[in-house]
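**Student:** sequence plus the predicted model coming up.
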Amino acid sequence: MSEYNIPLEEPTRGPATDVGADRTLTPSTLSYHEDEAAELEVAIKNMSLEQSNAEATEDSSVNDTPIDMEQKVMTGLDSLIKELNNSAVEQLKHFQESGDCAAIDDAVQLFGEAVNLTPESHASKAALLTNLGGAFQHRFERLGELGDIKDAIQVRQQAVDLTPDSHADKASWLSNLGGALQRRFERIGELGDIKDAIQVGQQAVDLTPDGHAHKAALLNNLGGALQRRFERLGELGDIEDAIRVMRQAVDLTPDSHADKASFLNNLGNAFQCRFQYLGNWGTLRMQFSILPQQPRNAIQCRFECLGELGDIENAILVTQQAVNLTPDGHANKASFLNNLGNAIQCRFQCVGELGDIENAIRVKQEAVNLTPDGYADKAAKLNNLGGALQCRFERLGELGDIEDAIRVLQQAVDLTPDGHADKAARLNNLGGALQGRFEHIGELGDIKNVISTFQQSTKNTCGPPSIRYHAACKWATLSSAYQDSSSALDAYKVVLEIIPQLIWPGQTVHQRYEELPKIVQTINAAVATAISAENLTQAVEWLEEGRRIVWGQILQLRLSLDNLRDWHSSLAQNLERISTALQNAGTSTHSDTINNPNTHTDMTGKQEAQQHTQLAAEYEALIAVVRKLNGFDSFLKPKKLSALTPAAVNGPVIIINVDRSRCDALVLSSSHSTIHIPLPDFSSKQAEEMYSEMISSLQDSGVRVDCAEEQFSVMQQAEMGHDQLKSILARLWSTVVQPIFSEIEDVLHDSAEGCLPHITWCVTGALALLPLHAAGIYGSKDPADDINLSDFAVSSYTTTLSAMLKSGHKPHQRDPRDKPKVLIVSQPDTKEEARIIQTYTSPEHSCHLTCEEAVVETVKREMGKYEIVHLACHGIQDSKNPLDSAFTLYDGRLKLHDLMGLSLENAELAFLSACQIVASNEKLPEEGVNLVAGMLAVGYPSVITTMWSIGNKDTPVPVVADKVYESLLGHRNELETQNLRQSAAYALHAAVKHLRKEVGEMQFIKWVPFVHYGV
């Protein structure tokens, strides 16, 4: 079963008692039953007229202490009221000890008589109403009768209305009212109730001065109400506010306080709630770090993330105990059974024991049967039962199971109102079940219903983005297979709209990369679909929008705000400030310390995570404001084709989309419309096989492919592997390059201008890992038969079209007649490169850092002062954590996330002669999570580097560096009218051509790896 199919829901929570702040404890926590008795005992003491000024503890009724009428009541009527009140307290105590429902009935009756006998103007009227409201709510928690919670709200509202704001108990009684409203919301789902609960909860907090003993409990209760509304509407701001006020409650409560554990538990549950919405494992780790004991649902959630069987065994154990301790007829029995069924089903999915899914279905069915119609959580229990039935169908293939699953899942959908945060997930689950039946019996009439259901799921924008994304993908793939391309295009439009919500700036860069593998193939499929529909404009725009998603966000944060500054300077300044802060937060690694809850850095990590999310919300709000301004409606939105075409001003850009269904080239040029070139003889499988062969060939030739260690390998002069590379380059020529060049002869001719034309490759899939620039036929018996790409064009690569546009319009451009300044960073074994470069520049135009001078902080500081940086030091590519990829300097590593904190306005060229600089994560080739991408992101528009390691022994790097800098710096008069960034690609082309003659054309390992990125 897919991870999106049938998410196990637990929307119901155990009822908070009249004096418990623990409003968000889940029903399956064993401590609920232990705590309930103690809390009720405190409530009874507080209600007693003999107990003056009793201190209330945890819950929405922060202070249910009635006014001490012992000193005020003098008349016979007053004595009778006191006697009725105290008799009611005794009945509550009996209810606590025996569970006898007759006792709670008597308590309600006695409290009611006391209220009825008390005049409206009596000073104790509000206190007695509060006591009666508490009794109604206790009975509701036990029996679940809707009339009781309605009556509780009514009398608690009367208590509030009778009490002036200046009264010491006003805040407590407001909080009690909020608790009752929240409980009714949890029962019937009326949005007005939770809105009112939040309003009165906020009033209670506002009326309570800092330092008051009840301030923490009031904050805790307000947080619980905000969390409930988030669970209903999916508004991220609500859960952020809930976490904020719950954290305040925790901070205000000393460690020795009896309520500290409850407040921590509630804060942990809020973190888990946000985790389930955003899929952020770091958030859940934060929960585990702050909780002294983890509740059952947190244990199960950790199991679902990490797969530790012991976690789910413990979840089943404590949930079974909760069921056993709960008497039949208790209002929460059904919720506990539901949770037990969820835990058992999780174990089935891990272990595969058929008895587990049988038991899960049985207890979930019992939970549904015990839940009356009209309960707000009835739909959730039906949804979970449907999931279990579908799970058994997938195991046994019994048609009756999938029919039953569809029936109960349809009921769950029908019971869920539009706008509910779970509506999208329940529609998604129903769609999955319908699809399962279609695939089982092959009834084509079903497919329309399947597609329609997934489509409806995407329209419920309150649902989690991950659920809606999955539904949109299903809608798209099924439409492609069974309907026309128009429906599939509509679906993919929704997919592209949802992706920024999945990969949003509120996550760290590392977290965003964790989400990407499931996205990149979908984007390629979307582009292939647009091409099939002959919508080339849409294809180019989608490919650009979907490529380098994370880098695109980083570059977007660095966007020049010049135009906005011209018209709205203050707004531009605020946006730039928040963008910079968000950039720094997104590349931080402080969250890595969360695992140690006893360190100062742990608290710093939590605060930073909270700040990061707040910054993202501010950023999005500011963007919305800008887009409302006249002329800025498309600000930072995906670019249209007309805005992307100028990327081809210096030569055509060849985009290649590699999808499992088809491969195509799209050629952009400044003089022609978009040209489509199918590549029928090439496939994604071929690209993957060629990449695997290339890695094998490099290893056979002694090249270090995995450069995760600082040890630098010496390249062997081995002949083995050359034949494989020769074959790969020939196949790239015949299946990719030659078919493209044969269709764009006119384009190449128009862009030549008296020299070799310049082309830029923008490729996807495994093809992004292959040396297209070197494609050709080499080593033929007849040299006349040899042919290669470099005979026809100068090649560059780009990460995105937008990166080319940005690089061509930097706000601070050097006068081309001024000689650029060069920063050289070397190590003892690369000093030859430094010596060569210095022959082409003067001391006043260069800086050479080596050995103990080449330390991290110095290099970072100096990079901003020079147009060219030459890094002749080892590079480390970390495939597990790409942001830890680094240049190795004298005192440590200059990591990619450190580079991303820089902003280099004057940067023009970076020459990276280091180990495995351009190697990318083969799971995310489009993203190019490597040091080259980092240099482009921080502001270097042009980068020269290598595709694989170049050994120290007989290294060709000095030869290439010599020829490159001779071209760039040695003939200034010839280049006065040229832009350095435009000439870098030509300089490298000439240098590699010279190297090929020097080392021999068949020495592919020595000359093929040199590549140029950017403009």
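**Tutor:** On my side now, so go ahead. Remember, it's a predicted structure, so these values are computed and weren't measured experimentally. Numbers count the residues shown, from 1 in each chain.

**Student:** and Pro119, what is it in contact with?
**Tutor:** Pro119 is in contact with Lys125, counting by Cβ atoms under 8 Å, 6 or more residues apart in numbering. No exception for glycine: its C-beta is placed from N, CA and C like everyone else's.

**Student:** which stretches of the stretch 101-250 of the chain have low pLDDT?
**Tutor:** Of all residues in the stretch 101-250 of the chain, none has pLDDT under 70.

**Student:** and the helices in it?
**Tutor:** Shown for the stretch 101-250 of the chain, the helices assigned by DSSP state H, counting those that start in this stretch span residues 101-117, 125-143, 146-161, 170-188, 191-207, 215-233, 236-252.

**Student:** over to the stretch 301-450 of the chain?
**Tutor:** Under the criterion DSSP H, counting those that start in this stretch, helices of the stretch 301-450 of the chain are mapped to 309-325, 333-351, 354-370, 378-396, 399-415, 423-441, 445-459.

**Student:** those helices: lowest mean pLDDT?
**Tutor:** Comparing mean pLDDT across the helices of the stretch 301-450 of the chain, the weakest is helix 309-325, with a mean of 72.

**Student:** burial check on the nearest residue to Glu853 once chain neighbours are set aside, number of neighbours?
**Tutor:** Leaving out its chain neighbours, the residue that sits closest to Glu853 by Cβ to Cβ, 6 or more residues apart in numbering is Tyr890, at 7.4 Å. If you count neighbours by other Cβ atoms under 10 Å, Tyr890 ends up with 18.

**Student:** before we move on, what about the one 4 residues further on?
**Tutor:** Leu894: 25 surrounding residues under other Cβ under 10 Å.

**Student:** tell me the first helix or strand C-terminal of the helix or strand of the chain with the lowest mean pLDDT.
**Tutor:** Of all helical and strand segments in the chain, the minimum by mean pLDDT, DSSP states H and E falls on helix 31-47, at a mean of 36. Counting by DSSP states H and E, the next helix or strand C-terminal to helix 31-47 is helix 76-98.

**Student:** name the residues of that next one that are buried.
**Tutor:** Within helix 76-98, the residues scored as buried using 16 or more other Cβ atoms under 10 Å are 78, 81-82, 84-89, 91-96.

**Student:** quick one: average pLDDT of stretch 913-920?
**Tutor:** 58.

**Student:** so that it lines up with my notes, have the first residue be 37 from now on.
**Tutor:** Shifting the count to begin at 37 puts that one at stretch 949-956.

**Student:** hmm, Gly975 is touching Leu935, no?
**Tutor:** No: contact status for Gly975 versus Leu935: not in contact, 9.8 Å apart, counting by Cβ atoms under 8 Å.

**Student:** is it possible to export the helices of the stretch 137-286 of the chain to JSON lines including distance to Ala617?
**Tutor:** Output for those, formatted as JSON lines (distance: least, Cβ to Cβ, whole Å):
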{"stretch": "helix 137-153", "distance to Ala617": "55"}
{"stretch": "helix 161-179", "distance to Ala617": "45"}
{"stretch": "helix 182-197", "distance to Ala617": "42"}
{"stretch": "helix 206-224", "distance to Ala617": "35"}
{"stretch": "helix 227-243", "distance to Ala617": "28"}
{"stretch": "helix 251-269", "distance to Ala617": "25"}
{"stretch": "helix 272-288", "distance to Ala617": "17"}
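
**Student:** among those, which is nearest Ala890?
**Tutor:** helix 272-288 (43.2 Å; Cβ to Cβ).

**Student:** send the alpha carbons of the closest one over as PDB?
**Tutor:** This file holds the C-alpha atoms of helix 272-288, laid out as PDB (Å, rounded to 0.1, in the frame of the first residue of the first chain):
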ATOM      1  CA  LEU A 272      -0.600  26.600   8.800                       C
ATOM      2  CA  GLY A 273      -0.800  29.800  10.800                       C
ATOM      3  CA  ASP A 274      -3.000  28.200  13.400                       C
ATOM      4  CA  ILE A 275      -0.500  25.400  14.200                       C
ATOM      5  CA  GLU A 276       2.300  27.900  14.300                       C
ATOM      6  CA  ASP A 277       0.300  30.000  16.800                       C
ATOM      7  CA  ALA A 278      -0.500  26.900  18.800                       C
ATOM      8  CA  ILE A 279       3.100  26.000  19.100                       C
ATOM      9  CA  ARG A 280       4.000  29.600  20.000                       C
ATOM     10  CA  VAL A 281       1.600  29.900  22.900                       C
ATOM     11  CA  MET A 282       2.200  26.300  24.100                       C
ATOM     12  CA  ARG A 283       5.900  27.000  24.200                       C
ATOM     13  CA  GLN A 284       5.100  30.100  26.300                       C
ATOM     14  CA  ALA A 285       3.100  27.900  28.600                       C
ATOM     15  CA  VAL A 286       6.100  25.500  29.000                       C
ATOM     16  CA  ASP A 287       8.600  28.400  29.500                       C
ATOM     17  CA  LEU A 288       6.400  29.900  32.200                       C
END
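
**Student:** show me what Phe947 is bridged to.
**Tutor:** His906, Ile980 (DSSP bridges).

**Student:** any idea how far Leu792 is from it?
**Tutor:** Applying Cβ to Cβ, to the nearest Å, the value for Phe947 to Leu792 is 21 Å.

**Student:** so for these two, which residue has more residues nearby?
**Tutor:** Using other Cβ under 10 Å, the more surrounded residue of Phe947 and Leu792 is Phe947, with 27 against 19.

**Student:** distance check, that one against Asp934.
**Tutor:** Counting by Cβ to Cβ, the gap from Phe947 to Asp934 is 19 Å.

**Student:** can you show me the strands along the stretch 587-736 of the chain?
**Tutor:** Applying DSSP state E, counting those that start in this stretch to the stretch 587-736 of the chain gives strands spanning 689-694, 699-704, 711-714.

**Student:** out of the ones you listed, deepest packed?
**Tutor:** Among these, strand 689-694 has the highest mean neighbour count (mean count of other Cβ atoms under 10 Å), at a mean of 26.

**Student:** how about the closest residue in space to Lys414 that isn't next to it in sequence, what does it touch?
**Tutor:** Distance criterion Cβ to Cβ, 6+ apart; nearest residue to Lys414, sequence neighbours excluded, is Thr407 at 4.9 Å. Contact analysis of Thr407 by Cβ under 8 Å, 6+ apart lists Ala370, Asp413, Lys414, Lys417.

**Student:** quick check, nearest of those residues to Glu889?
**Tutor:** Nearest to Glu889 among the contacts of Thr407: Asp413, at 66.4 Å, using Cβ to Cβ.

**Student:** tally of neighbours for the closest one?
**Tutor:** Look at Asp413: counted by other Cβ under 10 Å, it has 22 neighbours.

**Student:** mind pulling the model confidence for it?
**Tutor:** As summarised for this prediction, Asp413 has a pLDDT of 84.

**Student:** just read off the phi/psi values of it.
**Tutor:** Dihedral pair for Asp413: phi -90, psi 10, per degrees, to the nearest 10.

**Student:** could you check how far it is from Tyr876?
**Tutor:** For Asp413, the distance to Tyr876 - Cβ to Cβ - is 74 Å.

**Student:** just Asn360 next, same as before
**Tutor:** Computed as Cβ to Cβ, the Asn360 to Tyr876 distance reads 83 Å.

**Student:** quick one, which of those two is more surrounded?
**Tutor:** Tyr876 (21 against 8).

**Student:** which one is the more buried one nearest to, not counting chain neighbours?
**Tutor:** The nearest residue in space to Tyr876 (Cβ to Cβ, 6+ apart) is Leu1005, at 4.0 Å.

**Student:** report pLDDT for the one you found.
**Tutor:** On pLDDT, Leu1005 comes in at 88.
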